[in-house]
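*Asks:* I'd like to go over a predicted model; first the sequence, then the structure.
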Amino acid sequence: MVNKTIIVSNRLPVKIVEHQGEYRLSPSEGGLATGLGSVYKKGDNIWVGWPGIEVPEERQAEVTEKLAELNLIPVFLTADEINLYYEGFSNEVLWPVFHYMVTYANFDQSYRDSYQQVNEKFSHIVASHLQEGDTVWVHDYQLLLLSALIREIQPQVLIGFFQHIPFPSYEIFRLIPWRDELIAGMLGADLLGFHTFDDVRHFLSAASRLPQVKVSDNIVSYKDRQIVVESFPMGIDSDKFEGLIAEPQVREHMRLFRKTMGERKVILTIDRLDYSKGILQRLQAYELLLQTHPELIGHISLYMIVVPSRDTVPRYKELRDQIDQLVGNINSSYRTMSWQPVYYFYRSFTIEFLSALYRTADVCLVTPMRDGMNLVSKEYVASRTEDTGVLILSEMAGASKELNDAIIVNPNNIGEVMRAILQAIQMPETEQIFRMKQMRAVVSKFNIHLWVKNFMEKLEEVKVLQESLRTK
Ligand code: G6P
């Protein structure tokens, strides 16, 4: 029997889009899909997850068949489940708390119940594909209970879990009414991975409060099992971003972009719509710069792309309105007949267009209030094949632990962010090159392929540890 790996995440790497009554598959550009492509497309390996929309029961067989050709197994969610498990517990409880925005959390019992029930649904689908010797790799905060649920059904299975968002300090985590069951759910895995050492530290601190848990170094002993907890900073497909620069379509976008922006210094920001990204604070810093340095008027522009996300969750809708208002205020107060301070786009763009922006922008401003890793900062660095350009990066992003040649800022300090923009647009080219070279070396070496390899290898090591414990 050939052993296989089952990847599980809330979303599949492709989504179903409905076009005139017909279902089509649309590939996701996400880093995870690229990185794990080498895993789930191999042999009997599969990826289990939600196809992104509500599919009526009578059409589920058709979708299942379409996805099966790509080694993908769908978990269908009802409208209620999307509302309570995904928008509710995942994005109105776990997301805000794990990003330290506790006042945004809504601790609703019906959210928690649906979260439990959907995690169970995932566990049954995974179990129906599970054979002895298989490995399961579970991803992210939407599935914190899943590892333990799978282990109940199949006690000997090897499970890895990776969390893509921060794990907060215990003083924050403890606010969640269901904190213990979340930790117990995660401890169903054999290996728990986080982006940074701080996330590991916070998790171990939270786990150590459970009565049956003992923590020693990075090993958690729980219910006669040992769980290894480690950091695996996620990388990107840096070769892909370097390679894109040579594409004719990208060159054309670059030419047009430069023609439009002329000699102006361009400051680029790209985010999903999210209050954790610090979009409003960043706009305030930019406004302060225009206010205090009128000589820059006409000579700089902020190019701001916000990718629509979770806009059915009230906080996200609210944020969108606030951004509209602030951008409107800045543009109406400072624009001239021939110059616009902020170019704001609320939509997604092709990877070729983004690549052209990365390659052309003088500065990339990445200032999340909190971020597990932040891959935009790495994509900007990988795209700077001539080693020029300046990255301004929040100290609250996991990436700041690796990209320490960026200008590192506290995103809450509007004055500091404003001064960082000034420093960036005035930075001599020799200094830009010095910093960018170091960062490019890091991004290129610690890429997504190495990340997958390191995690899978560690999981194999842990398997040996578990087997030796069992035979003791
Ligand atoms: C973050 C999370 C992912 C999530 C993505 C997009 O990167 O870590 O798990 O898939 O955001 O969010 P969405 O809610 O659209 O899946």
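*Replies:* That came in fine, so what should we check first?
*Asks:* Name the helix or strand for the closest residue to S400 other than its chain neighbours, please.
*Replies:* In this structure, S400 finds its nearest non-sequential neighbour in L393, 5.2 Å apart by CB to CB, 6 or more residues apart in numbering. From N, CA and C alone the C-beta is placed, and that goes for glycine too. Element membership of L393, judged by DSSP states H and E, is strand 390-394.
*Asks:* Sheet-wise, list the partners of that strand with their directions.
*Replies:* Here strand 390-394 is paired, per DSSP bridges, with strand 363-366 (parallel), strand 407-409 (parallel).
*Asks:* wait, isn't P341 in contact with L289?
*Replies:* No - counting by CB atoms under 8 Å, P341 does not reach L289; the two are 9.7 Å apart.
*Asks:* Could you pull out the residues contacting both of the two?
*Replies:* Common neighbours of P341 and L289 (criterion: CB atoms under 8 Å, 6 or more residues apart in numbering): I300.
*Asks:* coming back round to it: what bridges to the residue nearest to S400?
*Replies:* In beta-bridge terms (that is, DSSP bridges), L393 pairs with V366, I408.
*Asks:* ok, now which ones touch it?
*Replies:* So L393 contacts V366, T367, N374, S377, A399, S400, L403, A406, I407, I408, V409 (CB under 8 Å, 6+ apart).
*Asks:* and which of those residues is nearest to E58?
*Replies:* Taking CB to CB as the measure, E58 sits nearest to N374 out of these, at 41.4 Å.
*Asks:* hang on, the earlier thing: redo the contacts of L393 as JSON lines? Include distance to V220, pLDDT and neighbour count.
*Replies:* Below are the contacts of L393 laid out as JSON lines (distance: CB to CB, whole Å; pLDDT from 0 to 100; neighbours: other CB atoms under 10 Å):
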{"residue": "V366", "distance to V220": "33", "pLDDT": "98", "neighbour count": "29"}
{"residue": "T367", "distance to V220": "34", "pLDDT": "98", "neighbour count": "27"}
{"residue": "N374", "distance to V220": "27", "pLDDT": "96", "neighbour count": "24"}
{"residue": "S377", "distance to V220": "31", "pLDDT": "98", "neighbour count": "29"}
{"residue": "A399", "distance to V220": "27", "pLDDT": "98", "neighbour count": "30"}
{"residue": "S400", "distance to V220": "27", "pLDDT": "98", "neighbour count": "22"}
{"residue": "L403", "distance to V220": "30", "pLDDT": "98", "neighbour count": "24"}
{"residue": "A406", "distance to V220": "33", "pLDDT": "99", "neighbour count": "27"}
{"residue": "I407", "distance to V220": "37", "pLDDT": "99", "neighbour count": "19"}
{"residue": "I408", "distance to V220": "32", "pLDDT": "98", "neighbour count": "16"}
{"residue": "V409", "distance to V220": "35", "pLDDT": "98", "neighbour count": "25"}
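*Asks:* State the pair within those that is farthest apart.
*Replies:* Spatial extent of these (CB to CB) is set by the pair N374 and I407 at 14.7 Å.
*Asks:* Is the residue in the chain positioned nearest to the ligand in a helix, a strand, or coil?
*Replies:* Residue of the chain nearest the ligand, by CB to the nearest ligand atom: H164 (3.7 Å). Following DSSP: H, G, I helix; E, B strand; the rest coil, we place H164 in the coil state.
*Asks:* Would you confirm that L465 contacts Q226?
*Replies:* Yes - assessed by CB under 8 Å, L465 is found in contact with Q226 at 6.6 Å.
*Asks:* Tell me which residues touch D224, please.
*Replies:* By CB under 8 Å, 6+ apart, D224 has no neighbours at all.
*Asks:* quick one: it and I425, what's the gap?
*Replies:* According to CB to CB, to the nearest Å, D224 stands 59 Å off from I425.
*Asks:* how about the helix or strand of the chain with the lowest mean pLDDT against the ligand, any contact?
*Replies:* In the chain, the helix or strand scored least confidently by mean pLDDT, DSSP states H and E is helix 31-40, which has a mean of 79. No - counting by CB under 6 Å from any ligand atom, the ligand is not contacted by helix 31-40; separation bottoms out at 7.7 Å.
*Asks:* And the contacts of that helix?
*Replies:* Against helix 31-40 from outside (CB under 8 Å, 6+ apart): 5, 7, 9, 13-14, 27, 45-47, 71-72, 137, 139, 164, 234, 236-237, 240, 375, 448-449, 451-452, 456.
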